[in-house]
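With the input below, show me the fold.
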Amino acid sequence: MTDAQETAAEPALRTTGGAPPDDHGTSANGLPIPLLEPREGIPPVVDTPEALAPVVAAFARGTGPVAVDAERASGYRYGQKAYLVQLRREGAGSALVDPVGCPDLSSLGDALSGTEWILHAATQDLPCLREIGMRPSSLFDTELAGRLAGFPRVGLGAMVESVLGYALEKGHSAVDWSTRPLPEPWLRYAALDVELLVDLRNALEKELDRQGKLEWARQEFDAIATAPPAPPRKDPWRRTSGMHKVRRRRQMAVVRELWNARDKAAQRRDVSPGKVLGDAAIVEAALAVPANVHALTALPGFGHRMGRRQLEQWQAAVDRAKALPDAELPQPGQQVAGPPPPRAWADKDPEAAARLSAARAAVSALADELHLPQENLITPDTVRRVCWEPPADRSTEAVAARLEGYGARPWQVELVAPLLAGALAPGA
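Alright, predicted model coming up:
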């Protein structure tokens, strides 16, 4: 057992750190203190290049890490673009920047070059921040830090409450952030999202250090900061909700044609695809393969509220699928690189199934011992790949090399390679 394993322990529910703006912690009755206003008030929304310039200068002069957050309009607008960016840094205070009025924030990103960014659930915000020219060179992810430290609830509100003793109001998390002008309560909520991120970061760093996990976290943060953008998803139409009901290739072609037509319409109108046509309606049309607009209208999701022009658009997509030659119909099941689904292992390769069972048990036991989720100790996909096609040499060194090839971080390799080597050994 490593020193880090020996020192790992459940997280302290109240970890001291920098305090806003007076005392730190909970009220006299032990309840979290509601955080209702930013300490310097709600900052004005920066929505012109002229207003952005002094903000860039102020954050360039600031000291220490910078707290960053972004609000999107998921479920309302097409794509995942940012509609508000919130920042906070010592010496600069807080800022609310409107990417609609300031679509190029590369000057702000350049001003923060070399500065550690603090984000909560960084992988959610980094894609939309990259689109507007903001890319961190280093970061601290408070959600991931919470996972590694063993906190059972790692949402921002839960972390601020359990670590710092303050209650954040979270009622505006799912609103339409493309609304203009943004209502004052929403702006207050947005400013408060970065109000305590620096304090939370400092407290979590101490907790991770106490548990012997700080170096693990640093490796994870570096991996996120240096990861390239994710490639476009292959055949995204296959993720249509209810797709499991669609069995025939011609029906699958109907899903594909309707999905693509819907996506083009949603992009043209800049609305969420679900607001154009629901997944359930697409699946119903695929199962029925309607002969004409009249038959389409009778299906759920294509009712009387839909205009004739829209109905003809959807029927045209169905007709395109019906006219495809067999050779151009999609194949049932997406071709995925890597091992088959684990449920098929017992039939395909009983020895591999036994290896996987032993590996999963060993990883689960160590994750419980270290008080962190199994998927953060090592990804399930990595475990499956190693167990399905193990190295010819089943030594710890060979398994470690295989883990490195799959992108495991050094701390993960050190802890997991011996476990997997044991699970891969004959007769294990």
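
and Tyr254, how many neighbours?
No Tyr there; residue 254 is Val. 26 (other C-beta atoms under 10 Å). (C-beta placed from N, C-alpha, C; glycine too.)

for it, what are its contacts?
By C-beta atoms under 8 Å, 6 or more residues apart in numbering, the contact set of Val254 is 282, 285-286, 289, 317-318, 321-322.

Surely Pro43 touches Ala92?
No: the criterion here is C-beta atoms under 8 Å, and Pro43 misses it with Ala92 at 10.3 Å.

still on that earlier bit, buried among the contacts of Val254? Make that a PyMOL selection.
To isolate the buried ones among the contacts of Val254 in PyMOL, judged by 16 or more other C-beta atoms under 10 Å, type:
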select buried, resi 282+285+286+289+317+318+321
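
Filter the contacts of Val254 down to the ones in helices?
Of these, the ones assigned to helices by DSSP state H are 282, 285-286, 317-318, 321-322.

which regions of this protein sit below the pLDDT cut-off?
When residues are selected by pLDDT under 70, those of the chain lie in 1-29, 334-337, 427-428.

Look at the spatially most distant residue from the centre of the chain and tell me its secondary structure.
Within the chain, the residue lying farthest from the chain centre (C-alpha atoms, centre = their mean) is His294, at 41.7 Å. Assigned with DSSP: H, G, I helix; E, B strand; the rest coil, His294 falls in the helix class.

Over to Asp193?
With three-state DSSP as the basis, Asp193 sits in helix.

Which parts of the stretch 51-200 of the chain are strands?
Ranges of strands in the stretch 51-200 of the chain, per DSSP state E, counting those that start in this stretch, are 63-72, 82-90, 93-97, 116-119, 138-141, 166-168.

Pipe the ones you listed into JSON lines and attach distance to Ser107 and mean neighbour count per row.
Listed next are these as JSON lines, based on distance: least, C-beta to C-beta, whole Å; neighbours: other C-beta atoms under 10 Å:
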{"stretch": "strand 63-72", "distance to Ser107": "14", "mean neighbour count": "22"}
{"stretch": "strand 82-90", "distance to Ser107": "13", "mean neighbour count": "23"}
{"stretch": "strand 93-97", "distance to Ser107": "11", "mean neighbour count": "22"}
{"stretch": "strand 116-119", "distance to Ser107": "16", "mean neighbour count": "24"}
{"stretch": "strand 138-141", "distance to Ser107": "19", "mean neighbour count": "22"}
{"stretch": "strand 166-168", "distance to Ser107": "30", "mean neighbour count": "21"}
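
Minimum distance to Pro228: which of those has it?
strand 138-141 (15.3 Å; C-beta to C-beta).

helices or strands next to the closest one in the packing?
strand 116-119, helix 197-211, helix 214-226 (3 or more C-beta pairs under 8 Å, 6 or more residues apart in numbering; DSSP states H and E).

picking that back up, any chance of TSV for the strands of the stretch 51-200 of the chain, columns distance to Pro339?
Formatted as TSV, the strands of the stretch 51-200 of the chain follow (distance: least, C-beta to C-beta, whole Å):
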stretch	distance to Pro339
strand 63-72	34
strand 82-90	37
strand 93-97	45
strand 116-119	33
strand 138-141	29
strand 166-168	42
